[in-house]
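Chemist: model the structure of this input:
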Amino acid sequence: MLRVLAMLLLAFWANIAQGACTLIDQDISFGTVAFSSPAGTIQVPITLTINCTVGQAYTLEPNANTTYGYIGISLTGGGNAGTQYVYFQKDGQIMRRALTSSLITGTGTGANQIYNVVAVMSASSLGALTALTKAGTASLSNRLWLINAATTGVSAHAITANVVASCTISSANLDFGTISPGSTAATTYSPLDVTCDAGIAYQLAPDSGAGAARWVLLSGFGLDVTAGDLVVLRVNVKDPGGSTYNTWKPTQPRNSLGTGVNQSFNMQGVLSIPSGYLGSFSTTLAPQATF
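Modeler: Okay, the predicted model is just below:
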């Protein structure tokens, strides 16, 4: 299982009437969350404390997309890099600068006034909370909150998250059994099962670093294709639901998209054996899913 880390770093700011208001916020963390978390469940509460002079009117709003209220988060690294989003909710409603009723408004009392909102991670940028579709690492510094329209004051507010995606892979041995003397080729088959989070793009490849569609066979006979021994193993693979076996090597992986349930590939092992060769041999092949 491979893990992908996404880190979101944001800063809060306030547009504050000179000497009239102060904003106190907090550093928060989404903690460790699964990439496969249902839409709208990757969230963390935020407590905002405002202290304005008596009679001073104020408005808190996200410094984000005016219509939909989102902040874009660029995720980099891995095979699922791209943009995800953060929204802010008040009383279950996404806060949007274009919708006054979704914002926080009030009048100063000279004492602390406390508001609770929720930050939510989403794949949608159009005002709908959806399950994540991207993974990677992000670091963003952004000014998130405004108060009034006078002078500007900055209040640092860090948001962090570990987004963990997962894939599991299992396979059975390619067993050629006993091959008849004089045979120059043998073929066998074995299942190869992969389960990745829904929406995770992954590459399935053998673990050889040589880039060739054959592997050195290890045995007491010292088989080594580079030293002239010509017993060669090639492994092909058939995609789930497919009918064709494809050449399979590190430079030619199979690309697929996780569904959240098992996807069954099938391996085909093909031995090329020189005429008259006798012996036994084995090797280790370790398929890997990278995302």
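
Chemist: per-residue pLDDT, residue 246?
Modeler: pLDDT for residue 246: 89.

Chemist: my bad, should have said residue 32
Modeler: 77.

Chemist: specify the local secondary structure of it.
Modeler: Secondary structure for residue 32, judged by DSSP: H, G, I helix; E, B strand; the rest coil, is strand.

Chemist: for the nearest residue to it once chain neighbours are set aside, the count of nearby residues, please.
Modeler: Nearest-residue entry for residue 32: residue 162, 4.3 Å, with adjacent residues in sequence omitted and distances by Cβ to Cβ, 6 or more residues apart in numbering. In this view, the C-beta of every residue, glycine as well, is placed from N, C-alpha and C. Look at residue 162: counted by other Cβ atoms under 10 Å, it has 16 neighbours.

Chemist: swap in residue 274?
Modeler: 10.

Chemist: just confirm it contacts residue 182, I think it does.
Modeler: No - with contact defined as Cβ atoms under 8 Å, residue 274 does not reach residue 182; the gap is 10.8 Å.

Chemist: now do the strands in the stretch 1-150 of the chain.
Modeler: Taking DSSP state E, counting those that start in this stretch as the criterion, the stretch 1-150 of the chain contains strands spanning 12-16, 21-24, 28-34, 43-52, 57-62, 71-75, 82-90, 93-94, 104-107, 112-122, 145-147.

Chemist: tell me the contacts of residue 241?
Modeler: Contacts for residue 241 were tallied using Cβ atoms under 8 Å, 6 or more residues apart in numbering; there are none.

Chemist: correct me, but residue 82 touches residue 132?
Modeler: No - using Cβ under 8 Å, residue 82 makes no contact with residue 132, being 10.2 Å away.

Chemist: which one's more surrounded, those two?
Modeler: Legend: neighbour count by other Cβ under 10 Å for residue 82 and residue 132, higher for residue 132 (26 against 14).

Chemist: on that earlier part again, need the pLDDT of the residue nearest to residue 32.
Modeler: On the pLDDT scale, residue 162 gets 71.

Chemist: and if you look at residue 217?
Modeler: Value listed for residue 217 in the pLDDT field: 45.

Chemist: returning to that earlier point: what about the residue nearest to residue 32, distance to residue 194?
Modeler: Distance, residue 162 to residue 194, using Cβ to Cβ, to the nearest Å: 23 Å.

Chemist: kindly report the same for residue 268.
Modeler: Relative to residue 194, residue 268 is positioned 17 Å away (Cβ to Cβ).

Chemist: neighbour count: the two, which is higher?
Modeler: Taking neighbours as other Cβ under 10 Å, residue 268 and residue 194 compare with residue 194 leading, 22 against 17.

Chemist: are we agreed that that one is in a strand?
Modeler: Yes - when three-state DSSP is applied, residue 194 is found to be in a strand.

Chemist: hey, what's it bridged with?
Modeler: Under the criterion DSSP bridges, residue 194 forms beta bridges with residue 169, residue 263.

Chemist: what do you get for residue 106?
Modeler: residue 58.

Chemist: where in this structure is the helix or strand with the lowest mean pLDDT?
Modeler: Least confident helix or strand, the chain: strand 12-16 with a mean of 36, by mean pLDDT, DSSP states H and E.

Chemist: who's in contact with residue 240?
Modeler: Contacts of residue 240 by Cβ under 8 Å, 6+ apart are 256, 263, 264, 265.

Chemist: out of the strands of the stretch 1-150 of the chain, flag the one nearest residue 246.
Modeler: When these are compared by Cβ to Cβ, strand 82-90 sits nearest residue 246, at 27.1 Å.

Chemist: give me the phi and psi angles of the residue nearest to the spatial centre of the chain.
Modeler: Against the mean C-alpha coordinate of the chain, by Cα atoms, centre = their mean, the closest residue is residue 135 at 2.6 Å. Here is the backbone geometry of residue 135 (degrees, to the nearest 10): phi -140, psi 160.
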